[in-house]
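Student: What follows is a predicted protein model with its sequence.
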Amino acid sequence: MSIARTLAVTRRIINQLRHDRRTLGLIFGAPILLLGLLGYLLRSEENTSLTLAISNQDAGAGVVNAGQLLTSKLKQSVGIVVKDISGDVREAVRNGTVDAALVFSPTFSADLLAHRPVAITVLLEGSNPSQTGGAVLQLQRAVMQVVASLSASVPGGTAPPQVRINPDLIYGSLNLKPLDYFAPALIGFFAFFLIFVITCVSFLRERTQGTMERLFASPITRGEVVVGYMLGFGLFAMIQALIIVLFTTLVLQVNYTGNLFLVFLVTLLLAIGAVNLGIFLSSFARTELQAVQFIPLVIAPSFLLSGLLFPVKDMPGWLQGVSDVLPMTYANSALTDIMIRGKGLLDVLPEFGVLLLFAALMVVVASLTLRREVA
Amino acid sequence: MSSGNGQAPAVEVSGLVKQFGAVRALDGLSLTIPRGIIYGLLGPNGAGKTTLIRALIGLVRPTSGSVQVMGYNVLTAGAQVRAGSGYMTQSPALYSELSVWENVDFSARIFGLTDGGKRKERISQVLQLVELDQRANTPVSNLSGGMRQRVLLACTLVHQPQLLLLDEPTVGVDPQLRYSFWRYFRTLADSGVTLIVSSHVMDEAERCDRLGLMRAGKLLAEGTAAEIRARAGTANLEDAFLQLSGITPLPASDSGGGDRIQQ
């Protein structure tokens, strides 16, 4: 083994990377970007407390109103924020104003004093099984603590009261598995990711192998090239979307409630946006290596910030802003709405609109960034 | 074809300048090429031959100067110019996954050969011409460099362009096929097609009707091969070119009557 030859290879690698500033930037910059994002997301996850609405229908028993006492005690509990909701608490849970709502029944105090088993209904949104489980546990712990301390102060309340938490899910069921929750978002993510990478690289190859120059030596217009690409890759995106949807539902047996055709439609729309994003971004890469670098820069933030792993509403404000401009966020929201919450076309129309707008916008910017001129 | 002039020269370029950053690829070049001839563009690498060819079909936007092709201003009527032209790039720019036939078929469709029957007939014709009709279904990735060059020529010819821009078309082509290429170029010129061929092979230059010698973005000399030899006072084109570009000073030259071109 010749040291000189070995070092010649090493030296060449160093020189190549020195000349490819973009790759160099990626090697050093991408970890900071991705770790930074994850850091912010996980940090904000730690600090999130459960926001709670309380509907106290307790009629009380004499001077004692256990519902009221419980409410004021819960307000002092760590990790729980009680919000005063004037209207329907079910609606507040549904639209995400609060994470959960406690409902004390009219006979709550009476039952407690009579040492009858009492059930506190907890209203939960229910679409995210890990959140549901976490919230139920947290509430169980908090309520038990509060009830125990109360029972000591309530006259005659010597035996520990039997209080049960009774979860009432607006969407889904307690049988909802993490896979059921992640499936809708993953369907969208894989369609987006794969179609983007394939289009971006094949468009770039058209430029590097010189066929783009020949193409533009014909009467073809930029719009014709972009739309032609979109239709071609769109066809494969369609087949891919079909396979993804059928595999998740038939083979993985993911639980879903909504219309599968709508799922297919959202996935296709997202993939068409991905085709045009691929064409657009390929103008900013000179080599396949540089095109692949868009994965950590474009795809990873889509993965982290679209609400797939971390709920958008728990993110720091500026990250929510980023999340708001990612097409994945809307696809994710639409797909979850359809598959878990069983919503129909009308409910996800805004998301549809955004995805359509994104696809159209990308056609325009891809056409505009495409240059007939060689240099 | 409204603004096109049937009697206009194939190419009329005047004061053409193209600046790429600090590099002046074309430096005030003016040139007129009549129709129906083979025009040879000669010059060393970096002389601006490819840039000039690209400017003729709007792939390079001039910094200044005007370009008229077949009577059309390429800046305002680029689509018409491109529809009637065939450009054979220097590198064999083909879709390597596609077969020979599929590559030529794509070019044909892009140039508007929409009639299926006529298109098929035309593709068979050009494939026979480049002697690849037996290889129609072979993927381009399996072909040698010379064969790819032939596929490229087939792609360039398939829509029967009136102006052919061939950027070093015979690189990597064996002598026998080169001979048949040039015989076909002559047939095309005789039928009224204008061919602009860049080359640095001097024996090919002898086959051209007129020649333009380029260097550093300028036209050094222009005329028939005989005229250029006479002007330089040399026996062959190669020496004439060296003489005119002032690269190698020739040994004692009488330069009798030769109007030397100043650098």
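Tutor: Looks like it came in fine. Keep in mind it's a predicted model, so treat the numbers as computed, not measured.
Student: use CA for all of it now, contacts and neighbours both
Tutor: Will do.
Student: Excluding covalently adjacent residues, which one is nearest to residue 217?
Tutor: By default, I'm working from chain A. Excluding its sequence neighbours, the residue lying closest to A:A217 (CA to CA, 6 or more residues apart in numbering or on different chains) is B:R82, at 5.9 Å.
Student: that's the other chain; I wanted chain B
Tutor: Closest to B:G217 by CA to CA, 6+ apart is B:L26, at 3.9 Å.
Student: The one you found in helix, strand or coil?
Tutor: Here B:L26 is recorded as strand under DSSP: H, G, I helix; E, B strand; the rest coil.
Student: coming back round to it: contact partners for the residue nearest to A:A217?
Tutor: Applying CA atoms under 8 Å, 6 or more residues apart in numbering or on different chains to B:R82 gives the contacts A:A217, A:S218, A:P219, B:I57.
Student: need the residues you listed in CSV with pLDDT, distance to B:I37 and neighbour count, can you?
Tutor: Output for the contacts of B:R82, formatted as CSV (pLDDT from 0 to 100; distance: CA to CA, whole Å; neighbours: other CA atoms under 10 Å in any protein chain shown):
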residue, pLDDT, distance to B:I37, neighbour count
A:A217, 94, 21, 27
A:S218, 94, 22, 23
A:P219, 93, 24, 19
B:I57, 94, 18, 32
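Student: so can I have TSV of those showing distance to A:M230 and secondary structure?
Tutor: Compiled in TSV, the contacts of B:R82 are given as follows (distance: CA to CA, whole Å; DSSP: H, G, I helix; E, B strand; the rest coil):
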residue	distance to A:M230	secondary structure
A:A217	21	coil
A:S218	20	coil
A:P219	19	coil
B:I57	26	coil
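Student: what two of these have the greatest distance between them?
Tutor: A:P219 and B:I57 (10.0 Å; CA to CA).
Student: shared neighbours, these two?
Tutor: With CA under 8 Å, 6+ apart, A:P219 and B:I57 have common neighbours B:G78, B:R82.
Student: Share the number of residues neighbouring A:K313, please.
Tutor: Using other CA atoms under 10 Å in any protein chain shown, A:K313 is surrounded by 12 other residues.
Student: From B:D133, how far off is it?
Tutor: Taking CA to CA, to the nearest Å as the measure, A:K313 falls 64 Å from B:D133.
Student: Over to B:F185?
Tutor: Counting by CA to CA, the gap from B:F185 to B:D133 is 19 Å.
Student: Looking only at neighbour counts, state which of the two leads.
Tutor: B:F185 (21 against 16).
Student: For the helix or strand containing that one, which helices and strands make contact with it?
Tutor: B:F185 belongs to helix B:175-190 when assigned by DSSP states H and E. On a contact count with 3 or more CA pairs under 8 Å, 6 or more residues apart in numbering or on different chains; DSSP states H and E, helix B:175-190 meets strand B:38-42, strand B:194-199.
Student: Near the single nearest residue of the stretch 1-150 of chain A relative to chain B, how many other residues are there?
Tutor: As assessed by CA to the nearest CA, chain B sits closest to A:H19 within the stretch 1-150 of chain A, at 19.4 Å. Residues lying near A:H19 (other CA under 10 Å) number 11.
Student: again with A:F28
Tutor: Going by other CA under 10 Å, the residues that sit close to A:F28 add up to 10.
Student: and if you look at B:P92?
Tutor: Neighbours around B:P92, by other CA under 10 Å: 21.
Student: name the helices or strands packed onto the helix or strand where A:W318 lies?
Tutor: Using DSSP H and E, A:W318 sits within helix A:317-324. In terms of contact count using 3+ CA pairs under 8 Å, 6+ apart, helix A:317-324 is assigned the packing partners helix A:300-305.
Student: hmm, who's touching the helix it packs on?
Tutor: The set of residues external to helix A:300-305 that reach it, using CA under 8 Å, 6+ apart, is A:34, A:37-38, A:189, A:309-310, A:312, A:319-320, A:322-323, A:326, A:328-329.
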